[in-house]
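Undergrad: After the sequence you'll find the predicted model.
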Amino acid sequence: MVLDITKPKDYIDLATSLSKELAQSAVERDVKAGVPEEEINKLRENGLLPLIVPKQYGGIGATWIDALKIVRKLSKADGSIGQLYGNHLNLTALGHVSGTPAQKEKYYRETAKNNLFWANAINTKDTRLKINPEGENFRVNGVKSFGTGISVADYRVFSALEDGVELPFIFIIPKDREGLVSNQDWDNIGQRRTDSGSYTFNNVLVEKDEILGPPNPHDSAFSTFLGIIAQLTKTNVYLGITKAAFAAAREYTKTTTKPWITSGVDSATQDPYILHHYGDFWVEIQAAIALADQAAEKVQAAWDKDVELTHQERGEVAIAVSAAKALATRVGIDITNRIFEVTGTRATATKYGFDRYWRDLRTFTLHDPVDYKLRAIGDWVLNDQLPAITQYS
């Protein structure tokens with residue numbers, strides 16, 4: 001599907017409308033799990049795929065500030081779709097940050113022209129996937145886990161190791177590449193519509209220009225900056241899920257929850273303990289959103305510097321993002337767990353699906369334990385030590 005972006009649109013409004021539509025069937029899709037083809041097609045039809053592709057390459061040219069707000073809105077409808085879309089946005093910029101100038105132009109232009117969806121299984125902790133030279137190209141064999149959205153992606157990004165080489169190769173292959181097999185083994189408690197199972201590679205061809213990079217200059221702070229954006233993207237997925245839990249619980253409390261027999265009030269909305277909980281929830285959410293929005297401003301300012309970004313500036317943005325992610329994680333897990341204290345026993349009925357907020361959030365947050373973020377922040381506070389550059393910072 002080729003996208004016509006000549007007509008101006010308010011993409012935040014579009015995302016808001018799509019979020020409301022997706023929310024109506026979120027519980028049913030969570031139970032069903034499976035491949036999110038319908039949801040990705042809706043993102044495609046609404047013109048949201050080339051959101052951060054610069055206008056000179058045919059894209060929409062949105063800022064990361066607006067892009068992350070859209071991730072948050074979609075996550076409020078469905079944590080799985082927020083995650084898939086957030087990953088997609090990060091990956092569309094991969095050629096810009098970590099690729100060659102030719103790769104930057106190629107992937108930006110093709111994404112915008114053909115309205116393409118991206119997904120990945122980079123996961124450098126899984127070292128089972130091996131890559132070996134074959135003439136001027138490469139062959140890949142083995143298994144890779146957490147192939148989030150790979151089954152419906154037009155471009156697929158993976159990491160693989162060559163024997164005797166310390167750093168992994170990152171490569172990008174199209175959807176029709178032969179030899180890649182889905183193992184259909186994603187059956188986790190949360191993020192059930194991400195289809196994040198493992199993939200087996202049977203002598204898959206990787207052409208030399210499909211290997212990402214090297215960027216120019218190769219040692220710039222900007223060349224690793226996408227890892228920081230990915231962390232803030234996850235933060236906004238967490239916030240969207242948390243806001244959804246709060247909104248669902250609020251509506252249920254106002255319309256369905258019964259007051260406790262010894263409360264002395266006629267309505268749950270007058271119960272002093274329920275009022276206390278909601279006040280606490282609201283304050284926590286506002287604080288987490290404010291910190292995330294401040295981090296987004298810093299991310300955009302750093303992004304605008306491009307290769308002029310210094311390592312000191314990169315590190316300072318990493319601290320801001322880590323702080324936002326740590327608070328969003330803490331607040332999200334707390335609120336998605338405590339909503340049953342303000343809804344009551346009947347709210348545990350399967351038809352409401354109130355447990356999915358905690359399940360989605362917990363499945364996601366375990367990929368990057370917040371304790372390590374807090375330790376890095378503490379090291380900066382006491383020792384002026386900026387975070388090390390990793391896949392997670």
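TA: On my side now, so go ahead.

Undergrad: Please count neighbours and contacts with C-alpha atoms only from this point.
TA: Noted.

Undergrad: And the chain, split by domain according to the record?
TA: Domain assignment of the chain by automatic domain parsing yields the ranges 11-117, 121-210, 221-383.

Undergrad: tell me the mean pLDDT for the last one?
TA: It refers to domain 221-383. The pLDDT scores in domain 221-383 average 95.

Undergrad: Tell me which other helices or strands the host helix or strand of Val181 touches.
TA: According to DSSP states H and E, Val181 maps onto strand 180-182. Where contact means 3 or more CA pairs under 8 Å, 6 or more residues apart in numbering; DSSP states H and E, strand 180-182 is packed against strand 199-206.

Undergrad: send the alpha carbons of the helix or strand encompassing Glu38 over as CSV?
TA: Element membership for Glu38, per DSSP H and E: helix 37-45. Only the C-alpha atoms of helix 37-45 are listed here, as CSV (Å, rounded to 0.1, in the frame of the first residue of the first chain):
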residue,chain,number,x,y,z
GLU,A,37,-2.0,-8.6,11.2
GLU,A,38,-5.3,-6.7,11.6
GLU,A,39,-3.9,-4.2,14.0
ILE,A,40,-0.8,-3.5,11.8
ASN,A,41,-3.0,-3.0,8.8
LYS,A,42,-5.0,-0.4,10.7
LEU,A,43,-1.7,1.5,11.5
ARG,A,44,-0.9,1.3,7.8
GLU,A,45,-4.3,2.5,6.7
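
Undergrad: how far does that helix sit from the chain's center?
TA: Offset of helix 37-45 from its chain centre (CA atoms, centre = their mean, to the nearest Å): 16 Å.

Undergrad: Touching stretch 315-334 from outside, list them.
TA: Stretch 315-334 has contacts (CA atoms under 8 Å, 6 or more residues apart in numbering) with 228, 231-232, 234-235, 238-239, 241-242, 284-285, 288-289, 291-292, 294-295, 298-299, 302, 358, 361-362, 365, 370, 373-374, 376-377, 380, 386-387, 393.

Undergrad: Swap in 6 Å and give it another go.
TA: Leu232, Thr235, Thr242, Ala288, Leu291, Ala292, Ala295, Val370, Lys373, Leu386 (CA atoms under 6 Å, 6 or more residues apart in numbering).

Undergrad: how about it: buried residues?
TA: By 16 or more other CA atoms under 10 Å, the buried positions in stretch 315-334 come out as 315-329, 331-333.

Undergrad: now the strands for the stretch 51-200 of the chain?
TA: For the stretch 51-200 of the chain, the strands defined by DSSP state E, counting those that start in this stretch cover 118-121, 130-134, 137-144, 155-160, 169-174, 180-182, 199-206.

Undergrad: right, so those: which one is the most enclosed?
TA: strand 118-121 (a mean of 25; mean count of other CA atoms under 10 Å).

Undergrad: now for that one, which elements pack on it?
TA: In terms of contacts (3 or more CA pairs under 6 Å, 6 or more residues apart in numbering; DSSP states H and E), strand 118-121 is packed against strand 155-160.
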